[in-house]
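Got a predicted model here, sequence first, then my questions.
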Amino acid sequence: MADPSNADIAAAFDELADLYELDGAIVHRVLAYRGAAKAVRDAPQSVAALTRAGRVQELPGIGATLEEKLVALVETGTIPALEKLRAKFPPGLVDLTRLPGLGPKRARRLFDELGIDSLQALETAARQKRLQDLRGLGAAFEQKMLEALEQGAGDAPQGRIVLHRAREVGEQIVAALAAHPAADRVELAGSARRMADSVKDLDIVAAATDTRALLDAFTALDVIESSSAPGENAARARTHNGISIDLRVVAPEQFGNLLQHFTGSQAHNVGVRERAVRRGLHVSEYGILDDATGETLRCASEEEVYERLGLTWVPPELRENRGELDLTEVPPLVTVEDLKGDLHMHTVASDGHNTIEEMARAALDRGYEYIAITDHSASHGFGNDVSPDELRRQIDRVRAVDATLDGIELLIGTESNIGVDGALDYDDELLAELDWVIASVHTRFAMPAEQMTARVIAACEHPSCDAIGHLTGRKIEQRAAYAIDVDAVIEAAARTGTMLEINGAPDRRDLNDVHARAAAQAGVPILIDSDAHRTTTLANVRWGVATARRAWLGPAAVANTLPWAEFAPLRKRAR
DNA sequence: GCCGTTTTCGGCCCGACTGTTTTCAGTCG
């Protein structure tokens, strides 16, 4: 039996939290399960393996009881308490809690007192006006439920917006507001500031000399379709392309508190506040209340907020409660400017839109010292098929352009498909003639995890395979990662000297932050590549850098921050 | 159920909103 993945374990703990909540457990017990689920999901190593090793209590939020449940899950494939609770409550009951305004307490009462066990049963009861029979619930609640059901609120979790789309809108609005005469400071906050993979909505915070004027300017922007005003210093709006935006405005002396609060994440803020309480301080969006003096401290800057709490300021990308509150100094994180090369891009030879020379000149403009031209290999047919003969001609073309350009090293490479059996395209001799080979899975995503893992490990063991591209094949908000044992691949990459890529395509960002952190900790050199298909998308490394930063990676962990002379010998073929 | 600069029990982040109440429970971010 294969070990459960961290995602599987986290899902089991989340389900236990939901069911214990329905069961009426005290909220702190429920939160303990949710916290444990998050710790497992964020863990950069296999939690199943940690459990076997008897070390799982090293994870924050895992104690003796949860260890016992993990041992059961790893050894038997199931958790007895979970089976018991599943038998106790109909599966449709958890669906009810997805409706806004209907949580576990009310769901439990609807079940106990009216026998409601599904969205369908809720709708029927609401139409028959039976919900208002319950003490504490009235006609307004009933109406709200019917409206929510009509809008399909219970059907499926709402889709999130991939970060680059949200930031495009957000950055534009921030720039427009910052230029307004009433604006003192304007910043994007929330998960967009933390550079998460995707966002639910946008949070913008501002300090202004004239709050009313700035709010009016915001709602009058061309991109805004509709707006409402939930308070004196706030506006909520929707853009024409369907993105919800919250704007909050405060006086400049309070801006640091507001920015810190709305940047989150929730888990980070909870961690911050728990530590503050131990010092007799209470943190909110309005300030820091000091028990000793009864006074509320306001901070103009975010740095001041952290300093007053005795904490090191935390870069927004790290604010996920993954250990950042124990930092004693701000860690060095990789930046776009640190990158000296890009090892994954396409040209008109396969499915790209620009020539070798155009890509090279664009790379020079970005200040790169080296790039690899890595058109798709022939077996799967992206755009034009690059046959072995075509690849030989491409070698000559790249060498020719390289000879005409100063200041940049042009590598001839390929993005080779990884076959079902782990074989690369092109014969070994031709692969060995290249300067660089990145290998990726593009077919047969549905194979079992054991086979997919063996397939990619086989590629790692090929002497000409320098790196693995977009390891898990995920497309953010579109397609889940295929089943693969990432830990096993990381181990193989470390053993064979194969680099692992963070693909910068904004809907890939693959490796993700958790995997990239684990790979770097295992000593695997990480690449940040654009996977550009035209000159303009070379800039996509921005999203790869964002993921690297969320993975706590400094420049030293990222191989293509090295100058060519130091990068070249790191390639497997040069070792 | 976890956890410890209040250490093995007694706490556990903060504030806003809603609908129902007449002081508050539940929900949400």
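That came in fine, so what should we check first? Note that the structure is predicted; figures quoted are calculated from it, not measured.

What pLDDT is listed against the closest residue to A:Gly419 other than its chain neighbours?
Take A:Gly419 and drop its neighbours on the chain: the residue closest to it by CB to CB, 6 or more residues apart in numbering is A:Ser379, 6.9 Å away. The C-beta positions use only the backbone N, C-alpha and C, and glycine is treated the same way. Model confidence at A:Ser379, expressed as pLDDT, equals 72.

What count of nearby residues applies to A:Ser379?
A:Ser379: 17 surrounding residues under other CB atoms under 10 Å.

my hunch is that it is in a helix, does that hold up?
No. A:Ser379 is assigned coil when assessed by DSSP: H, G, I helix; E, B strand; the rest coil, not a helix.

Next up, the contacts around it.
Going by CB atoms under 8 Å, 6 or more residues apart in numbering, A:Ser379 touches A:417, A:419, A:425.

and the last one, what pLDDT?
Per-residue confidence for A:Asp425 comes out at a pLDDT of 91.

Give the burial count for it, as a bare number.
Neighbourhood size, A:Asp425 [other CB under 10 Å]: 22.

give me phi/psi at it?
phi -70, psi 160 (degrees, to the nearest 10).

now it: how far from DNA strand B?
47 Å (CB to the nearest atom of the strand, to the nearest Å).

For that residue, which non-adjacent residue is spatially closest?
Nearest in space to A:Asp425, with sequence neighbours left out and distances taken as CB to CB, 6+ apart, is A:Ser377 at 3.5 Å.

just checking, that neighbour touches A:Ser416?
Yes. Using CB atoms under 8 Å, A:Ser377 is in contact with A:Ser416, at 4.5 Å.

and for those two, which residues touch both?
Joint contacts of A:Ser377 and A:Ser416 (CB under 8 Å, 6+ apart) are A:424-426.

so what's the backbone phi/psi at the residue most central in space within chain A?
A centroid search over chain A (CA atoms, centre = their mean) returns A:Asp197, at 3.5 Å, as the residue closest to the centre. When read as degrees, to the nearest 10, the backbone of A:Asp197 gives phi -60, psi -40.

Pairing partners for the lowest-mean-pLDDT helix or strand in chain A, with directions?
When the helices and strands of chain A are scored by mean pLDDT, DSSP states H and E, strand A:224-231 comes last with a mean of 89. Strand A:224-231 sits in its sheet next to strand A:234-239 (antiparallel), going by DSSP bridges.

buried stuff in the partner strand?
Using 16 or more other CB atoms under 10 Å as the burial criterion, the residues of strand A:234-239 that qualify are A:235-239.

Can you list the low-confidence ranges for the stretch 351-500 of chain A?
Along the stretch 351-500 of chain A, the model assigns pLDDT under 70 to residues A:380-382.

Tell me where it has strands.
With DSSP state E, counting those that start in this stretch, the ranges of strands along the stretch 351-500 of chain A come out as A:370-376, A:409-417, A:436-440, A:467-468, A:499-503.

Just checking: what are the partner strands of the third one?
Note on strand A:436-440: by DSSP bridges, its sheet partners are strand A:409-417 (parallel), strand A:467-468 (parallel).

who's in contact with A:Glu225?
Each residue near A:Glu225 by CB under 8 Å, 6+ apart is listed here: A:237-240.

A:Ile418 too?
A:424, A:439-442, A:455-456, A:458-459.

rerun that using 7 Å as the cut-off
Going by CB atoms under 7 Å, 6 or more residues apart in numbering, A:Ile418 touches A:424, A:439-441, A:455-456, A:459.

By proximity to DNA strand B, which residue of the stretch 451-575 of chain A wins?
Nearest to DNA strand B, among the residues of the stretch 451-575 of chain A, is A:Glu477, at 17.8 Å (CB to the nearest atom of the strand).

is it true that that residue touches A:Ser198?
Yes. A:Glu477 lies in contact with A:Ser198 (CB atoms under 7 Å); the separation is 5.3 Å.

Settle it for me: which of these two has more neighbours?
A:Ser198 (19 against 14).

show me where pLDDT drops low in chain A?
By pLDDT under 70, the weakly predicted segments of chain A are A:1, A:380-382.

Return the residues in contact with whichever residue of the stretch 301-450 of chain A sits closest to DNA strand B.
Nearest residue of the stretch 301-450 of chain A to DNA strand B: A:Gly310, at 10.1 Å (CB to the nearest atom of the strand). By CB under 7 Å, 6+ apart, A:Gly310 lies in contact with A:Arg279.

May I have the secondary structure class of it?
Classified using three-state DSSP, A:Gly310 is coil.

hang on, A:Val199 packs against A:Leu163?
Yes. If you go by CB under 7 Å, A:Val199 and A:Leu163 touch, sitting 6.3 Å apart.
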